[in-house]
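Undergrad: coords below, sequence missing:
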């Protein structure tokens, strides 16, 4: 399986601030994605992180709120901007291999106060 | 648009009994299908996947799932439940749009194992 790490593992942030989450994957990964898991709920795809170009966002998610970068094949960042309490969630990075298996990082638990 | 329906937000079985977690999908093309498990306060672990090879897929921890195109189903089973199987289980689908899409998840099923 692919190895995926994220940091920070958790953070408590104040309303109106921004947090950048980092994700590192190993060389088995070709595609990278970001998901959100709101408390007690399932996962929702935020966007596909494209290497060297703008991310592809799903309906309901916009670049101004969730800017994403992927400067190289194995690293990506997700920023949660101008946070509000509704942004309190677990944010997960995932990587897909050439055999279409998608593995997830341990997640970043964000609490906005 | 693709979607996933997991019947039963909570399923309770006795230790040693059969585990059956239901998943139905809606997709315009034969999809790739996945089952994940999430233990409390942990990340998601891939149990198994279906990508158009054998319709009966064997995964980790004794789980297996059968792809039934006629029923648009991909139910997860395990012959004998163990206390350690208690967790949240998610079914997910990828509709193969150029191979570049992420996953659509079901709402999850919480599996409870009764001693």
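TA: Cool, the structure landed. Just so we're clear, the structure is a prediction, and the values are computed from it rather than from any experiment.
Undergrad: Would you state the strands of the chain in chain order?
TA: By default, I'm working from chain A. A:4-7, A:10-13, A:19-25, A:29-37, A:43-49, A:56-57, A:68-72, A:75-80, A:89-97, A:102-104, A:108-112 (DSSP state E).
Undergrad: let's do chain B instead
TA: B:3-5, B:10-14, B:19-21, B:24-26, B:32-38, B:44-50, B:56-58, B:64-68, B:73-78, B:87-94, B:104-105, B:109-114.
Undergrad: Redo these as TSV? Include distance to residue A:15, mean pLDDT and mean neighbour count.
TA: Any C-beta I mention is one placed from the backbone N, CA and C, and that applies to glycine too. Formatted as TSV, those follow (distance: least, Cβ to Cβ, whole Å; pLDDT from 0 to 100; neighbours: other Cβ atoms under 10 Å in any protein chain shown):
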stretch	distance to residue A:15	mean pLDDT	mean neighbour count
strand B:3-5	34	92	16
strand B:10-14	34	97	14
strand B:19-21	39	98	19
strand B:24-26	38	92	17
strand B:32-38	28	94	23
strand B:44-50	29	94	20
strand B:56-58	45	94	13
strand B:64-68	43	94	18
strand B:73-78	40	97	20
strand B:87-94	29	94	24
strand B:104-105	28	93	23
strand B:109-114	32	97	17
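Undergrad: Now tabulate these in a markdown table and tack on distance to residue A:65.
TA: Putting the strands of chain B into a markdown table (distance: least, Cβ to Cβ, whole Å) gives the following:
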| stretch | distance to residue A:65 |
| --- | --- |
| strand B:3-5 | 25 |
| strand B:10-14 | 33 |
| strand B:19-21 | 34 |
| strand B:24-26 | 29 |
| strand B:32-38 | 26 |
| strand B:44-50 | 24 |
| strand B:56-58 | 37 |
| strand B:64-68 | 36 |
| strand B:73-78 | 33 |
| strand B:87-94 | 24 |
| strand B:104-105 | 21 |
| strand B:109-114 | 30 |
